[in-house]
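In: Below are the sequence and a predicted model; questions follow.
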Amino acid sequence: MKKAVYALLAILLCSFMPSKKGLTNADKELVVTEMTRTSKKLLKTIKGLSSEQLNFKVSPESWSVAECVEHITISESSIFGMVEQAVKIPADAAKREKVKVSDDEVIAIMMNRKNKSQSPSAFQPSGKFGSHKETVKAFVAKRKQNIKYAKKTENNLRNHYGEMRFGIIDAVQLMVFISAHSERHTLQIEEIMNNENFPRK
């Protein structure tokens, strides 16, 4: 009889315990879906481009398609570094009140191509991967790692934070920001390819 009572108490206690570690299914789906979608969009956009097309510049000071891809690849690791730094600080649900933007607003801010800014030197293309082929390979590998992290992490990223120019966001939003950043520059690549002087094979 006592065993049955203890078993019932254990069940009741478990029902009031905090949710399991890691992302909720909804947050996991958000990050994985967005990262998968934007990765596919980038790779589809640049598929089959010739060397001449990859290196075409609208103006001497602008980036080429290849340079945009390198910038995306550099940023994929660098921005994720903010997630890694965020989770080193103990989770703090009380700090959520400082997050003033929604997930959709984070995406919208990044996707607004009217908002121009100069990338820090560390994020600028310099040929660090050796070739366009190796750059794409590095992007694919890092994006896979980031998706795997979202699927497997035991950290509740909603209670870890990073600071952007537009305010404090949580680490789920940092992951969404990474994805939107790649799509922002995929749009830039499409603009280059739509230029009237873009080489036609």
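Out: Thanks, I have it.

In: Now do the phi/psi pair for residue 47.
Out: Recorded main-chain torsions at residue 47 are phi -60, psi 130, according to degrees, to the nearest 10.

In: same deal with residue 170?
Out: phi -80, psi 170.

In: Is it correct that it is in contact with residue 161?
Out: Yes - between residue 170 and residue 161 there is a contact under CB atoms under 8 Å: 5.5 Å. Yep, even glycine has a C-beta here, placed from its N, CA and C like the rest.

In: In this structure, where is pLDDT below threshold?
Out: Scanning the chain with the threshold set as pLDDT under 70 gives 1-20, 117-118.

In: what helix or strand does the residue nearest to the spatial centre of it sit in?
Out: Centroid check for the chain by CA atoms, centre = their mean gives residue 178 as the closest residue, at 2.0 Å. Using DSSP states H and E, residue 178 sits in helix 171-193.

In: What is the distance between that helix and the centre of its chain?
Out: 8 Å (CA atoms, centre = their mean, to the nearest Å).

In: about what we covered before: touching both of residue 170 and residue 161, which residues are there?
Out: residue 99 (CB atoms under 8 Å, 6 or more residues apart in numbering).

In: Tell me the secondary structure at residue 130.
Out: Under the three-state scheme (DSSP: H, G, I helix; E, B strand; the rest coil), residue 130 adopts coil.

In: and it, how many neighbours?
Out: Residue 130 is flanked by 9 other residues according to other CB atoms under 10 Å.

In: who touches it in this structure?
Out: By CB under 8 Å, 6+ apart, residue 130 has no neighbours at all.

In: For it, give its distance to residue 119.
Out: 20 Å (CB to CB, to the nearest Å).

In: now swap in residue 40 and tell me
Out: 24 Å.

In: who's more crowded, the two?
Out: More neighbours surround residue 119 than the other of residue 40 and residue 119, with 13 against 10 (other CB under 10 Å).

In: How about the secondary structure of the more buried one?
Out: coil.

In: what's the nearest residue to it if we skip its chain neighbours?
Out: Leaving aside its sequence neighbours, residue 119 sits nearest to residue 71 (CB to CB, 6 or more residues apart in numbering; 6.5 Å).

In: Test my guess that that neighbour contacts residue 122.
Out: No - using CB under 8 Å, residue 71 is not in contact with residue 122, being 10.7 Å away.

In: higher neighbour count, these two?
Out: residue 71 (21 against 9).

In: what residues are up against that one?
Out: Residue 71 touches 63, 119, 123-125, 185, counting by CB under 8 Å, 6+ apart.
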